[in-house]
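> below are the sequence and a predicted model; questions follow.
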Protein chains: 2
Amino acid sequence: MTADLVITGCTALVHGEHGEIGFVENSGIVVRDGVIQSVTSARDVADVPSFERVDASGQLAMPGFINCHTHAPMVALRGIAEDLAVEEWFNDWIWPIESNLTDRVVELGALLACAEMIRGGVTSFADHYFSMDRVAAAVTESGLRANLGWAYFSSQGPEGRERSLDFALRLRGAAGGRITTSLAPHAPYTVDDTDLAATARLAREHGLPVHIHAAENKAQTDSSLERYGRTPVQVLQRAGLLDVDLLIAHGTGIREEDLAVLQEGGGRIAVATAPRGYLKFGWGTTPVRALRSIGIPVGLATDGAASNNTLDVWESMTLTALVQKYVEQDPTWLTARQALDHATRQSALAVGLGGKAGALAPGFRADLILVDLTGPHTQPVHDIAATLVHSARSSDVLTTLVDGRILMRDRRLLSLDVPAIVSELGSLLPDLIKRRGGQRIQDYNG
Amino acid sequence: MTADLVITGCTALVHGEHGEIGFVENSGIVVRDGVIQSVTSARDVADVPSFERVDASGQLAMPGFINCHTHAPMVALRGIAEDLAVEEWFNDWIWPIESNLTDRVVELGALLACAEMIRGGVTSFADHYFSMDRVAAAVTESGLRANLGWAYFSSQGPEGRERSLDFALRLRGAAGGRITTSLAPHAPYTVDDTDLAATARLAREHGLPVHIHAAENKAQTDSSLERYGRTPVQVLQRAGLLDVDLLIAHGTGIREEDLAVLQEGGGRIAVATAPRGYLKFGWGTTPVRALRSIGIPVGLATDGAASNNTLDVWESMTLTALVQKYVEQDPTWLTARQALDHATRQSALAVGLGGKAGALAPGFRADLILVDLTGPHTQPVHDIAATLVHSARSSDVLTTLVDGRILMRDRRLLSLDVPAIVSELGSLLPDLIKRRGGQRIQDYNG
């Protein structure tokens, strides 16, 4: 049978039987019907008939990055509110501005975000925002894979939750299966116990995962304890949310006593870590080592570009390695191979793609990237894992594939027209960034 | 008079009367005899006769980055000893391997490092290593500017210090003035008081600056107090080194009580910070805020690539901003503009180029870079300082000039042949990385 695509000559990042990261030189990868059919030697694929062949000599093939928590349309606000504490950032800037959001701004923002992510080697992302039909349209157009959830606050009344459910049911399986969906309550400090419990019931009833911000920082955990006598994780438990498939964004405020609570949960629980923003806000970071000790996958994320400034998951991988060494004061912890495990296997588990993405293996979706390792900043290569985590950059990604389709080839985007997107978005920005007396979509009081 | 080069249409990063960072759109920059003649409007330069014109529309012009502390040839060891504590890293890997160094490996490493730095927008670096004639040859060939110091330990006997002085006197002013030199004692824990005091005398006698590692981490400071009853900074003071022009690498172990000592110093004292490596070793970081409070410039650096994995000073700028916010738990500290001040004015002061580099201003050397801000990851631009520090990357540097000479144009290196360098270096690596029973150039016992 003729393959759709054969990639030859690359070094392939592969996972061993127990998930351990390895590298195979001079590999051949065969793709058919959007799926990886085999990862073998270049010699073995020399005679495989194929509609397309890519010579990837001198390049590394690895699973595409997965951005496990972002708000893609917020690239429209990249850099607008800098060097501020989180309260001021939300209340004086982001939430007032977001009261001006239009569907078109959301779609253009999402398109620009998709362009940035494809160029950065991201093949899939978990998004948590508003006007999510427009984000779904951008995902469809861009060719990326995504898990999408329409965010809601209890302050919106029951419509918020209903809209989130309606979206999740309508869009699941869209874009030829590239779109999956989640219910997306904003956070325990903006969604009350009744709504959280209702969300857990709906998740079970409809077989939907839940994506929520929780224990974003230590101050939130302290204030939750003060107000309710429970940590945010305990609030989630009480609502039944630990018994459904749950993706917790951030979790830098997760405490020692939360670990047993998380471990008792009956659902597939994961945490998304976006270390850049935590540094920027002067917070702590996600307790990756503690979560690892209880078997909770930690996926890599960037959060939205309004706080994080980039959607560069490669940078999140590097920063996770560096910051974990620093906070644990242990240079031997979070090795380069562990960082790559978070970027691949653990991130796939976090967004519900375990066994489907995050590895170059037969039967997995062909979501992969080719990385140039010939630049002076990546030479010589003594240890390819270290080269990837500590020397290479997202700008070294040459080629990005999702479902076997080439979305970027030799750094040229094939599905999106960046100048056109930037130009139209630019024309809408003056109206977007006006802050009108006191108007905001929500108050931050975490 | 005909100019050598006119750059038009860019946004220019400029410094105000009190050093404050500003941006001027649609600028024109005139370069003659290696010097910036004027920074004015594109209209004003439209009719200036010039041998060469660069249309830099949509690009940002800024002073080139200055790597204030590195060991360029160590790129040969990039990634060879990972996820280790500093003692093991030095004693089991780096110092044994460095006993195999040859002049040719040093030169090839330095050439590869120069290629990486030019591509990353670095125009000048301060180097502290061995076989420095070979590093000087690489600087000459690459077209970069550098301050070079031949490192020595007291364990080498008087020849170490003599070689460092001989090199500093022979090479100062080489490469058409692009090379300046320093005396380079390794550190207070490897150079004894007698040698440190002799270094201070030689520095005064010959008008040479001194470049030294000191108070690299808190453990070194503690052990210095235990052994000598003095902090490393007090050891430097006692040797007279605070009364000469002194560049201190790292200083993460500088204590509160050292501040007054530094302030009393009669020399031009500066500190180079390389924040990536500190995270990686699980150390603290340079006390930038405290040093600022006493007026000590803090320049940006990468250290060597064997520990830091890159020579990306742009990343050092970004990490300095992020890590400072984190360690001070203050998101309003080290703003994007402050980070740019460290990258430009303060770094120039640190390496003795104050008033000569680090600003786009008439009379300054034409060491500058042009940066592409049209990529999806840098759009839209609400605040150009934030875009530079938190969204842009060294890979966005399109063009690098030193002394008005274009060393990279549209990301193509003009002075160096990377594949040839990598290939020859690769052939020498097997002999380099052999570790022979117990042989090492020095013991780490900081």
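Yes, it's here.
> where exactly do the strands run in the stretch 151-300 of chain A?
A:179-185, A:210-214, A:246-250, A:269-273, A:298-300 (DSSP state E, counting those that start in this stretch).
> redo the ones you listed as JSON lines? Include mean neighbour count.
For every residue, glycine as well, the C-beta is placed using N, CA and C. Output for the strands of the stretch 151-300 of chain A, formatted as JSON lines (neighbours: other C-beta atoms under 10 Å in any protein chain shown):
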{"stretch": "strand A:179-185", "mean neighbour count": "27"}
{"stretch": "strand A:210-214", "mean neighbour count": "27"}
{"stretch": "strand A:246-250", "mean neighbour count": "27"}
{"stretch": "strand A:269-273", "mean neighbour count": "28"}
{"stretch": "strand A:298-300", "mean neighbour count": "28"}
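> what is the neighbour count of the residue nearest to residue A:283 when sequence neighbours are not counted?
Closest residue in space to residue A:283, ignoring its immediate chain neighbours: residue A:217 at 4.5 Å, by C-beta to C-beta, 6 or more residues apart in numbering or on different chains. A total of 20 residues lie near residue A:217 under the criterion other C-beta atoms under 10 Å in any protein chain shown.
> and residue A:217, its phi and psi?
When read as degrees, to the nearest 10, the backbone of residue A:217 gives phi -150, psi 170.
> one more: residue A:40?
With angles defined as degrees, to the nearest 10, residue A:40 sits at phi -140, psi -150.
> using the three-state scheme, assign the residue most central in space within chain A.
Residue closest to the mean C-alpha point of chain A, counted by C-alpha atoms, centre = their mean, is residue A:67 at 1.8 Å. Secondary structure assignment for residue A:67 (DSSP: H, G, I helix; E, B strand; the rest coil): strand.
> now do the contacts for it.
Counting by C-beta atoms under 8 Å, 6 or more residues apart in numbering or on different chains, residue A:67 makes contact with A:117, A:122, A:124-126, A:300-302, A:311, A:313.
> residue A:315 reaches residue A:394, doesn't it?
Yes: counting by C-beta atoms under 8 Å, residue A:315 touches residue A:394, with 6.7 Å between them.
> pLDDT score assigned to residue A:437?
Residue A:437 is assigned 68 on the pLDDT scale.
> equivalent analysis for residue A:444, please.
Looking at residue A:444, its pLDDT stands at 82.
> shouldn't it be within a helix?
No: under three-state DSSP, residue A:444 sits outside any helix and is assigned coil.
> do I have it right that it meets residue A:93?
No: in this structure, residue A:444 is not within contact of residue A:93 by C-beta under 8 Å, at 10.6 Å.
> coming back round to it: and residue A:10, which of the strands of the stretch 151-300 of chain A is closest to it?
Among the strands of the stretch 151-300 of chain A, the nearest to residue A:10 by C-beta to C-beta is strand A:298-300 (22.5 Å).
> show me what the closest one is packed up against.
Taking 3 or more C-beta pairs under 8 Å, 6 or more residues apart in numbering or on different chains; DSSP states H and E as contact, the helices and strands that strand A:298-300 lies on are strand A:65-70, strand A:269-273, helix A:288-293, helix A:313-327, helix A:347-350.
> these: which one's closest to residue A:14?
helix A:347-350 (14.4 Å).
> what residues does the closest one touch?
With contacts defined as C-beta under 8 Å, 6+ apart, helix A:347-350 is touched by A:63, A:65-66, A:68, A:126, A:247, A:268, A:270-272, A:297-300, A:354-359.
> let's see that with 10 Å instead.
With contact meaning C-beta atoms under 10 Å, 6 or more residues apart in numbering or on different chains, helix A:347-350 is reached by A:63-69, A:124, A:126, A:147, A:211, A:247-248, A:268-273, A:296-301, A:313, A:316-317, A:341-342, A:353-359, A:364-365, A:367.
> how about CSV for the contacts of residue A:67, with distance to residue A:44 added?
Compiled in CSV, these are given as follows (distance: C-beta to C-beta, whole Å):
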residue, distance to residue A:44
A:117, 32
A:122, 30
A:124, 28
A:125, 33
A:126, 35
A:300, 32
A:301, 37
A:302, 37
A:311, 36
A:313, 31
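> the lengthiest helix in chain A: what's the following helix or strand?
For chain A, the helix reaching the highest residue count under DSSP state H is reported as helix A:103-119. Once the chain leaves helix A:103-119, the next helix or strand it forms, by DSSP states H and E, is strand A:122-129.
> partner strands of that following strand and their direction?
Its sheet considered, strand A:122-129 pairs with strand A:65-70 (parallel), strand A:145-152 (parallel) by DSSP bridges.
> what's the distance between it and the middle of its chain?
How far strand A:122-129 lies from its chain's middle: 5 Å, per C-alpha atoms, centre = their mean, to the nearest Å.
> and if you look at stretch A:76-87?
Centroid separation between stretch A:76-87 and its chain, computed with C-alpha atoms, centre = their mean, is 20 Å.
> likewise for stretch A:213-221?
19 Å.
> my guess is residue A:62 is in a strand, correct?
Yes: secondary structure of residue A:62 (three-state DSSP): part of a strand.
> can you tell me the closest non-neighbouring residue to it?
Excluding the flanking residues, the one nearest residue A:62 by C-beta to C-beta, 6+ apart is residue A:13, at 3.9 Å.
> now residue A:256: closest residue in space, sequence neighbours ignored.
Leaving aside its chain neighbours, residue A:256 sits nearest to residue A:290 (7.4 Å; criterion: C-beta to C-beta, 6+ apart).
> and residue A:292, by the same measure?
Nearest non-adjacent residue to residue A:292, counting by C-beta to C-beta, 6+ apart: residue A:298, 7.1 Å away.
> show me what contacts the one you found?
Each residue near residue A:298 by C-beta under 10 Å, 6+ apart is listed here: A:68, A:248, A:251, A:270-273, A:286-289, A:291-292, A:320, A:324, A:341-342, A:346-347, A:349-350.
> ok, now residue A:48?
Applying C-beta under 10 Å, 6+ apart, we find residue A:48 in contact with A:1-3, A:6, A:8, A:28, A:30, A:32, A:37-38, A:40.
> assign it to helix, strand or coil.
Of the three states, residue A:48 takes coil according to three-state DSSP.
> from residue A:11, how far out is it?
Plainly put, residue A:48 is 19 Å away from residue A:11 if you go by C-beta to C-beta, to the nearest Å.
> pLDDT below threshold where in chain A?
Chain A contains residues with pLDDT under 70 at A:437-438.
> apply 80 and report the result again.
Scanning chain A with the threshold set as pLDDT under 80 gives A:435-439, A:445-446.
> please report how far the residue of it most remote from its centre lies from chain B.
The centre of chain A is farthest from one residue, residue A:47, which by C-alpha atoms, centre = their mean lies 37.2 Å away. As judged by C-beta to the nearest C-beta, to the nearest Å, residue A:47 and chain B stand 31 Å apart.
> got phi/psi on that residue?
Main-chain torsions, residue A:47, degrees, to the nearest 10: phi -100, psi 10.
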